[in-house]
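**Student:** Sequence and computational prediction follow.
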Amino acid sequence: MCVGHSELFPSPSIRTIRDPRQSMQHLLNCLQPLNFDLMEVAAINKKRKFIADGVFFAELNSFLGKELAEQGYSGVEVRVTPTRTEIIIRATKTQDVLGDKGRRIRELTSVVQKRFNFPENTVELYAEKVASRGLSAIAQAESLRYKLIEGLAVRRACYAVMRFAMESGAKGVEVVVSGKLRGARAKAMKFVDGFMVHSGQPSIDFIDYATRNVLMKQGMIGIKVKIMLPAENGKRGKMPLPDAVTILEPKEESAPAAFPVAVPVATL
């Protein structure tokens, strides 16, 4: 009797089923590893969604930053509702963002809709004016960028930006300009004023940070602006710093009222 190679060395994953009654049981055994947890699938989908949202926000922010640089672009906020997506553009010159009779904002809406494949009438763009331009690091970085393009001296331009931010209520400002500023050798110049937090949760809640690049005749110049926001204008609303100590005035204590004293009654 001749014995085949497959019978001597059966494959662990492939078996020949000769009995029809065993076919259903074999299929069930093969499908058992496919009974994965639905929570795991939901977690994978949620992770992919977060990544897709981050890529969308990064590309949208980059596009609007280049397109609306001269209009004082200071950031964007995306709000997703069940029926539509709202994109709020923050800028210092909102009228220029809207354009003549809303023409500019309609053009931006059309570009965003076609680029990110939004259905018709499901995405809307709004322009919101920045409440305090001096407390926006993006606005001040753009202002410093245009000052350098116009040929203003680096030291004078940085001091002007710092003065304006401090007069607007900032607790501290840090400006760093790096590159070939004067000579052939590149260097960095740092300008600091006021109080600045560099670590911990307050550095996330109270620090507004922005970077910009400007192409000069001598080469590329890098700009970094950090603004320490006051406690009233934090990113998470009005909240004090962790090391802020408030000393309350002692309350005036009134003299305790005299309680009546029982007098023994003389007995006859």
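**Tutor:** Now that the structure is in, tell me what you want to look at.

**Student:** Quick check: K238 vs E232, distance?
**Tutor:** Distance, K238 to E232, by CB to CB, to the nearest Å: 5 Å. The C-beta positions use only the backbone N, C-alpha and C, and glycine is treated the same way.

**Student:** nope, V123 is what I meant
**Tutor:** Taken as CB to CB, the span from V123 to E232 is 33 Å.

**Student:** T83 now?
**Tutor:** Taking CB to CB, one finds T83 at 35 Å from E232.

**Student:** neighbour-wise, which of these two wins?
**Tutor:** More crowded of T83 and E232, by other CB atoms under 10 Å: E232, with 10 against 7.

**Student:** quick one, what contacts that one?
**Tutor:** By CB atoms under 8 Å, 6 or more residues apart in numbering, the contact set of E232 is K238.

**Student:** doesn't it fall inside a helix?
**Tutor:** Yes. Judged by DSSP: H, G, I helix; E, B strand; the rest coil, E232 forms part of a helix.

**Student:** can you start the count at 18 instead of 1 from here on
**Tutor:** Taking 18 as the first residue, the last one we looked at is E249.

**Student:** Show me where the stretch 68-217 of the chain has its strands.
**Tutor:** 90-97, 102-108, 140-146, 189-196, 204-211 (DSSP state E, counting those that start in this stretch).

**Student:** what's the angle from the second one to strand 140-146?
**Tutor:** Put plainly, it is strand 102-108. Counting by axes from the mean of the first three to the mean of the last three CA atoms, to 10 degrees, strand 102-108 points 30 degrees away from the direction of strand 140-146.

**Student:** buried residues in strand 102-108?
**Tutor:** The neighbour-count check on strand 102-108 (16 or more other CB atoms under 10 Å) flags 102, 104, 106-108 as buried.

**Student:** I'd like these laid out as TSV, including pLDDT.
**Tutor:** Listed next are those as TSV, based on pLDDT from 0 to 100:
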residue	pLDDT
T102	89
I104	90
I106	89
R107	87
A108	87
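
**Student:** Turn those into TSV, columns for distance to G217.
**Tutor:** Shown next, in TSV, are the buried residues of strand 102-108 (distance: CB to CB, whole Å):
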residue	distance to G217
T102	34
I104	32
I106	31
R107	26
A108	31
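
**Student:** now, which of these sits nearest F212?
**Tutor:** R107 (25.4 Å; CB to CB).

**Student:** which stretches of the stretch 168-285 of the chain form helices?
**Tutor:** With DSSP state H, counting those that start in this stretch as the criterion, the stretch 168-285 of the chain has helices at 171-184, 219-222.

**Student:** of all these, which lies closest to K131?
**Tutor:** Closest approach to K131 among these is made by helix 219-222 (35.2 Å; CB to CB).

**Student:** Would you mind writing the CA trace of the closest one as CSV?
**Tutor:** Output of helix 219-222 as CSV, limited to C-alpha atoms (Å, rounded to 0.1, in the frame of the first residue of the first chain):
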residue,chain,number,x,y,z
PRO,A,219,0.5,75.9,33.5
SER,A,220,2.8,75.9,30.5
ILE,A,221,-0.1,74.3,28.5
ASP,A,222,-2.9,76.3,30.0
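
**Student:** Tell me which residues are up against that helix.
**Tutor:** Contacts for helix 219-222 (CB under 8 Å, 6+ apart): 214, 251-253, 256, 258-259.

**Student:** 7 Å instead, please
**Tutor:** With CB atoms under 7 Å, 6 or more residues apart in numbering as the test, helix 219-222 has contacts from 214, 251-253, 258-259.
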